[in-house]
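[1] quick one: sequence and predicted model below, then my questions.
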Amino acid sequence: MAGAIIENMSTKKLCIVGGALLAFQVVAFLVGGLIAPSPTSAVPYVSIKCIDVRKNHHKTKWLMPWGPNQCEKIKDFDEAVSRQIEANDIVFAVHIPLPPNEMSPWFQFMLFILQLDVAFKMHNVIQDNAEITLDVSLAYRDDMSSEWKEMAHAIETRKLKCAFHSPKTPESEGRYYDCDLLPFMEIGSVAHKFYLINIRLPVNERKKINLGIGEIKDIRLVGIHQNGGFTKVWFAMKTFLTPSILIIMIWYWRRIKMMTRAPVLLEKVIFALGISMTFINIPVEWFSIGFDWTWMLLFGDIRQGIFYAMLLSFWIIFCGEHMMDQNERNRLSGYWKQVGPIAVGSFCLFIFDMCERGVQLKNPFYSIWTTDVGTELAMAFIIVAGICLCLYFLFLCFMVFQVFRNISGKQSSLPAMSKARRLHYEGLIFRFKFLMLITLACAAMTVIFFIVSQVTEGHWKWGDLTIQANSAFFTGIYGMWNLYVFALMFLYAPSHKNYGEDQSNGDLGVNSGEELQLTTTITHVDGPTEVYKLARKEAQE
Amino acid sequence: MSSRTSLRLAALCMLLLPPACAYFGLTGKEALTHFPLLGPSTNPAQGKVHLKQCDLLKLSRKQKRLCRREPGLAETLRDAIRLGIMECQYQFRNERWNCSLEGRTSLLKRGFKETAFLYAASSAALTHSLARACSAGRMERCTCDDSPDLENRKAWQWGVCGDNLKYSTKFLKNFLGQKKIGKDLRAKVDIHNTNVGIKAVKNGLKTTCKCHGVSGSCAVRTCWKQLSPFHETGKLLKLRYDDAIKVFSATNDAVGHSELVGPQKHGHSSKNPTSPRPTDLVYVEDSPSFCRPSKYSLGTAGRTCSREANCDSMCCGRGYNTQSQMVTFSCHCQVQWCCYVECQQCMQEEVVYSCKQ
């Protein structure tokens, strides 16, 4: 990769490009901060305790917590005791969403968290390693009057991790345990308007099911979904970004094809990065508005994973190709040591994601974290991926260090070199330093905004103006990496000025005049005009 | 709990009473009357049951209007009263004043520390119950309220609806009629204490987060605020009761209207008296001892106490009777999470202390 646009661009033009990119960056932040609402909403639900009055439980009948045809309710379990209702006849019902609202495909996904209110009783304490068995079923319907249709049914166990902070004396009876959140359900599309969850806690003395789980007072759920407004802004952004990246990608590839030589590895990698970015950008999510595609969540994960893997590989290869030692690389196999960990790590995360979100396509109540084996397996995958990532960063840091060492070595010997070689090395050094700078800036921005969004609460207020920090973070960072890829393809595309079109250009007077201006960007050592003139002579010879 | 019968009680508030009468719950000026039992299987959706329930509750005209507008409100109000009473009696089980409902009317006419607690506990219970009723789907105008129907739907889909607690605070302030603040000191104290109750619920909110980014990473994280159990709110208010501040009215010359003013802090040389913090319970009169039967309480005679902890103070120095008795209690229980308890009866000798006449 010789003679990229960035080397031959005047400072002025570079500043204009930089300014334009910066303006787009600011717009990306503002779109999220001012137009979009917060990315997600959490809605608390308290289940209603219904009595299943039918004698046989074989037929599925849906119990509604409110509205017409609501179930027979009990207020608390004291009432159940006095009416001699058995535990097996109690159904916890939750209707999603809460009364006047309805769900919308714009919500993209729903995930639910289970919280148990367990009261302390002297003779009914939560035993160690207690497990709760839930018989859960999920139904949907699209208008208030039609029948419920079953969507999923499963018998799930969850570990109860509860702590009691008061002394365990009769005085503290009735106080609640502090229980960990339990993952409950995850659905990758919201295609229906109304959902209904019925939960039973069947007791079986013989099989020791649901014994020693304490005195359950209430079951609460928290439903999390993406906000419709955020989805719309996000889609709009994707729809705008896709053609932008696509166009620059096509332009870039044409530039490479126009050259007489075959494309080098680095050029191919940049192109691949463009493809993976486009892959993320393509707004296939528009289909989720019309179709019930529950795999969208998984697909989104995979797309992001591919992009991250591509980005990490690109950094390694970029460093390698600017190493300036005499090793000829230019082959992917030359980087197996560095790219290997990326492949292994992404593969681990892919398997993990398939085990979690993949299985959830079949059973939305599934969670890998609920069983011991599952937890160990999941942890194993994550740890391996973590090790791979560390390994990768060690390699990367080492390579960056090597490059800098070579740069300082080369810089001292630059004046002694022939002009053409000097020019070549100066180009390499400039390209490398420039990329280092913007990469570090982008990474730092990402990390800083990530930390800020984790630490602060979701939005800031200035008078009447509310800035949604979390949305701004998402749109801003997403826009930033898009601009990064865009800038990369634009600035690192092969230049016409240097090798290719120069020779065919007859009008020398204009050309050299232009060059005099163009080459001011590489002013490391001495008069650039001289360098270029000499270089051209040598090239022509 | 001794107040099994008091579980279904309602406040009576007549229009003839002073402006602050528009309170509700434990702080209704009239005696809590036995609430007519409505069967547990009452179905609010069937016809106009909730309207009947609203009529049965003794409410001001405005409150009745609000109650009729919202089908689930009547039931929620009853829940709130029950919650407030239970917690008040639990928190004061070891005090001379045990939050008994006898004498409550007289108590509310004064400005004692106990009155302050009643106001705070009442509004806290209302706030808590309202927010909970919203989550249970019992109320219809919870988060995206105050706008026409279509707008509501749009707000919900776009994702700009507020949370339940914000709604319940706002609703409560309207329900208790806080807009027109009375001029007199008592009304101000009552409003202040009511707001302390609302704040106590807000202070008890716990922020909980869930990560759900790529592969469950924290790249995307959603947080929400969660009501803490009402026991904790009660405990907090009890602490506030113990540190309640006596206030008096002072006219602020600069602004021209009177405001609540606390006592001078020791070592604080500033001449301007400090106004109480919004989290402090305030009172205007020193409490009676509650030792002997009075119009405020039945006195402490006959109350059981624990010898190590509080017999001396509870019995007001009159001494206590020691009685040894065999007590049966449940033991070796076989229990399920709900509704099934099978216990053996065990006997144990227990010493019971009770205050002398």
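    In hand now; what should we look at?
[2] can you give me the helices in the stretch 401-541 of chain A?
    Ranges of helices in the stretch 401-541 of chain A, per DSSP state H, counting those that start in this stretch, are A:419-455, A:469-491, A:501-504, A:508-518, A:528-540.
[3] among these, which gets the worst mean confidence?
    Least confidently modelled of the helices of the stretch 401-541 of chain A is helix A:508-518, at a mean of 34 by mean pLDDT.
[4] any idea which helix or strand comes after the host helix or strand of residue A:41?
    Using DSSP states H and E, residue A:41 sits in strand A:40-46. On the C-terminal side of strand A:40-46, the closest following helix or strand by DSSP H and E is strand A:48-51.
[5] picking up where we left off before, contacts for the strand holding residue A:41, please.
    Here strand A:40-46 makes contact (C-beta atoms under 8 Å, 6 or more residues apart in numbering or on different chains) with A:94, A:96-98, A:218, A:220-227, A:230, B:132, B:135-137, B:159, B:161, B:164, B:210, B:220, B:222-224, B:226. C-betas here are computed from N, CA, C, even on glycine.
[6] next: stretch B:188-200.
    Taking C-beta under 8 Å, 6+ apart as the criterion, the residues outside stretch B:188-200 that touch it are B:20, B:23, B:27, B:111, B:115-117, B:119-125, B:127, B:169, B:172-173, B:176, B:178, B:181-182, B:233, B:236-237, B:240, B:247, B:249, B:258-260, B:276, B:278-284.
[7] gap between the strand holding residue A:41 and the chain center?
    Computed by C-alpha atoms, centre = their mean, to the nearest Å, the chain-centroid distance of strand A:40-46 equals 22 Å.
[8] got the angle between that strand and helix A:469-491?
    If you take axes from the mean of the first three to the mean of the last three C-alpha atoms, to 10 degrees, strand A:40-46 sits at 150 degrees to helix A:469-491.
[9] give the pairing partners of strand A:40-46; include direction for each.
    As defined by DSSP bridges, the strand partners of strand A:40-46 come to strand A:215-226 (antiparallel).
[10] now the partner strand, how far from the chain's geometric center?
    Relative to its chain's centre, strand A:215-226 lies at 26 Å (C-alpha atoms, centre = their mean).
[11] emit the ChimeraX select command for whichever of the contacts of strand A:40-46 are buried.
    The buried residues among those can be selected in ChimeraX (16 or more other C-beta atoms under 10 Å in any protein chain shown) with this line:
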select /A:94,96,97,98,218,220,221,222,223,224,225,226,227,230 /B:132,135,136,137,159,161,164,210,220,222,223,224,226
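[12] among the contacts of strand A:40-46, which are in helices?
    If you go by DSSP state H, these have A:230, B:132, B:135, B:164 in helices.
[13] next, count neighbours for residue 351.
    Going with chain A. 16 (other C-beta atoms under 10 Å in any protein chain shown).
[14] try again with chain B
    10.
[15] also residue A:25?
    Count around residue A:25 with other C-beta under 10 Å applied: 18.
[16] relative to helix A:469-491, how tilted is the one helix or strand it maps to?
    Secondary structure assignment for residue A:25, by DSSP H and E: helix A:11-30. Helix A:11-30 and helix A:469-491 are oriented at 150 degrees to each other (the same axes, to 10 degrees).
[17] dump the C-alpha coordinates for helix A:11-30 into CSV.
    C-alpha atoms of helix A:11-30 as CSV (Å, rounded to 0.1, in the frame of the first residue of the first chain):
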residue,chain,number,x,y,z
THR,A,11,-3.3,20.3,5.2
LYS,A,12,-6.1,22.5,4.3
LYS,A,13,-8.1,19.8,2.6
LEU,A,14,-7.3,17.4,5.5
CYS,A,15,-8.7,20.0,7.9
ILE,A,16,-11.8,20.3,5.8
VAL,A,17,-12.4,16.6,5.8
GLY,A,18,-11.7,16.5,9.5
GLY,A,19,-14.1,19.3,10.2
ALA,A,20,-16.8,17.7,8.1
LEU,A,21,-16.4,14.4,10.0
LEU,A,22,-16.4,16.2,13.3
ALA,A,23,-19.6,18.0,12.3
PHE,A,24,-21.2,14.6,11.5
GLN,A,25,-20.0,13.3,14.8
VAL,A,26,-21.6,16.2,16.7
VAL,A,27,-24.8,15.6,14.8
ALA,A,28,-24.8,11.9,15.7
PHE,A,29,-24.5,12.8,19.4
LEU,A,30,-27.2,15.4,19.2
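[18] buried stuff in that helix?
    A:17, A:21, A:24, A:25, A:28, A:29.
[19] farthest-separated two in those residues?
    The distance between the two most remote of the buried residues of helix A:11-30 (C-beta to C-beta) is 19.2 Å, for A:17 and A:29.
[20] cool, thanks, signing off.
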